[in-house]
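Student: Return atomic coordinates for the entry below.
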Amino acid sequence: SINDLKSLPVAMPEICEQVKIVDHLHRISKDVGCLEAKYKQKLDALNELKQSILAKAFRGELTNGYVAA
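Tutor: Have a look, this model is predicted:
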C-alpha cells in the first residue's frame, strides 16, 4: 500500500555528492546541446548540397567525369 511505501527508508547521497551529480548532468546537457547544434548544421549543409546537385542535374550541368566505385 502507499502507507507501506511511505514508511520505507530512501537512501540519499550526501550533499557534496548530489552537487557533483548535478554538475555532471549539467555538463552532459551542455554537451548534448552542442552535439544537437552540430547535427543540425550538418543536416542543413547536406540539404544545401542535395539542392545544389539537383539544381545542376536539372540544368544539365552534371557530367560522367567520375568513376563509380
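
Student: Checking Glu61 next. Helix, strand or coil?
Tutor: Secondary structure state of Glu61, per DSSP: H, G, I helix; E, B strand; the rest coil, is coil.

Student: so what's the residue most central in space within the chain scoring on pLDDT?
Tutor: Nearest to the geometric centre of the chain sits Glu36, at 3.7 Å (Cα atoms, centre = their mean). pLDDT, Glu36: 98.

Student: could you pull out the helices for this protein?
Tutor: 2-7, 15-59 (DSSP state H).

Student: Excluding sequence neighbours, find me the nearest residue to Met12.
Tutor: Gln18 (7.7 Å; Cβ to Cβ, 6 or more residues apart in numbering). No exception for glycine: its C-beta is placed from N, CA and C like everyone else's.

Student: can you list contacts of stretch 16-33?
Tutor: If you take Cβ atoms under 8 Å, 6 or more residues apart in numbering as the criterion, stretch 16-33 is touched by 12-13.

Student: May I have that stretch as PDB, with CA atoms only?
Tutor: What follows is stretch 16-33, C-alpha atoms only, in PDB (Å, rounded to 0.1, in the frame of the first residue of the first chain):
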ATOM      1  CA  CYS A  16      28.500  17.100  -1.900                       C
ATOM      2  CA  GLU A  17      27.800  14.000  -3.900                       C
ATOM      3  CA  GLN A  18      24.500  15.500  -5.100                       C
ATOM      4  CA  VAL A  19      26.300  18.600  -6.200                       C
ATOM      5  CA  LYS A  20      28.800  16.500  -8.200                       C
ATOM      6  CA  ILE A  21      25.900  14.600  -9.800                       C
ATOM      7  CA  VAL A  22      24.100  17.900 -10.700                       C
ATOM      8  CA  ASP A  23      27.400  19.300 -12.100                       C
ATOM      9  CA  HIS A  24      27.900  16.200 -14.200                       C
ATOM     10  CA  LEU A  25      24.400  16.300 -15.500                       C
ATOM     11  CA  HIS A  26      24.800  20.000 -16.500                       C
ATOM     12  CA  ARG A  27      28.000  19.200 -18.400                       C
ATOM     13  CA  ILE A  28      26.200  16.300 -20.200                       C
ATOM     14  CA  SER A  29      23.300  18.600 -21.000                       C
ATOM     15  CA  LYS A  30      25.700  21.200 -22.400                       C
ATOM     16  CA  ASP A  31      27.500  18.600 -24.500                       C
ATOM     17  CA  VAL A  32      24.200  17.300 -25.800                       C
ATOM     18  CA  GLY A  33      23.200  20.900 -26.800                       C
END
